[in-house]
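> sequence and computational prediction follow.
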Amino acid sequence: MIQFRYLALLLSLLAAPATAAWAQVQGSYKPYSIVIKGGHVIDPKNGINAVMDVAIAPARDMRPLAWGEALSPDQEGKIARVAENIDPGLAVQVVDATGLYVVPGLVDIHSHNFWGHDGERQMNGPRGLPPDGFTFRSGVTTVVDVGGSGWRTFPLFKKQTIERSQTRVLAMLNIVGEGMRGSKYEQNIDDMNPDSTAKVAQEHEDVIVGIKLAHFSGHDWTPTDRALAAGRLADIPIMVDFGSAEPYLPLETLFLEKLRPGDIYTHCFGGNSSTSPNGRESIVDVTTNKVKPYVWEAQKRGVVFDVGFGGASFLFAQGIPAIESGFFPNSISTDIHVESMNNAMKDMPNIMSLFMAMGMPLEAVIAASTWNPAQEINRPDLGNLSIGSVADIALFRLVEGDFGFWARDGKIAGEQRLFTEMTLRGGHIVYNLNGRVDPINAKYISN
């Protein structure tokens, strides 16, 4: 009897917040869980660039999420309306976004999240990051782990990270069966099996969005060809990250003869410089300071150029002349890992601000961080605020000031920097910097 009384008391304590929340809306049905009021909405897919309100329809299941519990479709709120002057009385919660930019949740298509180990295999553990700790505070709601796992190790990654993250975690499967386990494994051409890689990708087509070739060093096209073969078999794009080679593999051959439209070249502003001429070719000619003609041709034919900033994979000597000539990256991404996040890269808002400092307009930066990468991974349901799309939303403050941005070859000044104020994942407020809204009530509403 005593145990039953303790159980009853515990259940009543757990139910109290939900009961209180329901009491606030009983007698007056509210069709929206949240209305974001008065923010400057930038939604590249739908051509919106104006002060608007955004209303979110609640999910069927809006209970609080436990740590390590991934969002299910029943727990994802959807975009219900984007319009001027939505009645705040129709929402359970109202977020005052005056003076803020409201954009789709950021889509980072180059991250490293196969952290830890399984007792035997270290994987990318020393450098990989559990996503939820580093995404929401940056406005990121979707990440793509690129090459952390291969066909042999993907089941572990899926169980360990994909199924235990509130961040939407997708994957590009390494052409190496062991994945990004270390240089000895990544140089093993014999473990680059297109058939096995494509088979696993097809079996998990809901979360595997591409094939990754990473870090292979040597003047040999075999790894590229095998990644392409897997990509063709699974009908998904490949992402190429060359290692070093002497002589380097020519990018003109890669872009115009190897890669298909939709395939991705990451670390696009890395490569060589006037002080480091060997190892990996660059897209800007270091003798003329001009983007090479075949690079323009490749982007025009559909080859995707991704930033993948990383720890040492970006050069101002490449980025500045490219941006000044009008050559913008298709997508901005972090290549986030333990070293890069504490180095020049830091996070998505920092890189986005850096590109603005180099002359890329805010609207183009937002597109390259939301709608463009969503299309690159064939996920048009993401990176937009269309009616019915999942309510992944980021709120940013654009601050004027005296800022600095740096990379391995120098630094530049900037007058603007983006700071994340709030992030919503599936209609749930998952990051709330300045306490703009009570984050409790709407979690208990269901329809």
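Received the coordinates, thanks.
> now the helices for this structure?
Taking DSSP state H as the test, the helices found in the chain are 2-25, 154-160, 183-186, 194-203, 222-234, 251-253, 293-300, 316-324, 338-341, 348-357, 362-369, 371-376.
> now those in TSV, with mean pLDDT?
Shown next, in TSV, are these (pLDDT from 0 to 100):
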stretch	mean pLDDT
helix 2-25	39
helix 154-160	92
helix 183-186	87
helix 194-203	98
helix 222-234	98
helix 251-253	97
helix 293-300	98
helix 316-324	97
helix 338-341	87
helix 348-357	98
helix 362-369	98
helix 371-376	98
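> distance check, the spatially most central residue of the chain against Asp402.
Residue closest to the average C-alpha location in the chain (Cα atoms, centre = their mean): Asp108, at 1.6 Å. For Asp108, the distance to Asp402 (Cβ to Cβ, to the nearest Å) stands at 27 Å. The way it works is simple: take the backbone N, C-alpha and C, and place the C-beta from them, glycine included.
> is it true that Phe316 touches Ala407?
Yes. The pair Phe316 / Ala407 is scored as a contact, 5.5 Å apart, by Cβ atoms under 8 Å.
> neighbour count for those two, which is higher?
Neighbours around Phe316 and Ala407, counted as other Cβ atoms under 10 Å, are more numerous at Ala407. The numbers are 23 against 20.
> can you find the helix or strand in the protein with the smallest mean pLDDT?
Across the helices and strands of the chain, mean pLDDT, DSSP states H and E gives its lowest value to helix 2-25, namely a mean of 39.
> shaky segments in the protein?
Within the chain, the stretches with pLDDT under 70 are 1-27, 117-126, 272-278, 438-447.
> quick one, domains of it?
29-102+393-444, 105-376 (automatic domain parsing).
> most tightly packed of those domains?
Comparing the domains of the chain by mean neighbour count (mean count of other Cβ atoms under 10 Å), domain 105-376 ranks first with a mean of 21.
> ends of that domain, how far apart?
End-to-end span of domain 105-376 (Cα to Cα, to the nearest Å): 16 Å.
> the closest residue to Pro130 other than its chain neighbours and Asp132, how far apart?
Excluding its sequence neighbours, the residue lying closest to Pro130 (Cβ to Cβ, 6 or more residues apart in numbering) is Trp115, at 5.4 Å. The gap separating Trp115 from Asp132 is 11 Å, by Cβ to Cβ.
> next: Val399.
Noted for Val399: a distance of 26 Å to Asp132, by Cβ to Cβ.
> in the sheet, who's paired with Asp96?
Lys37 (DSSP bridges).
> what's the spacing between it and Leu395?
10 Å.
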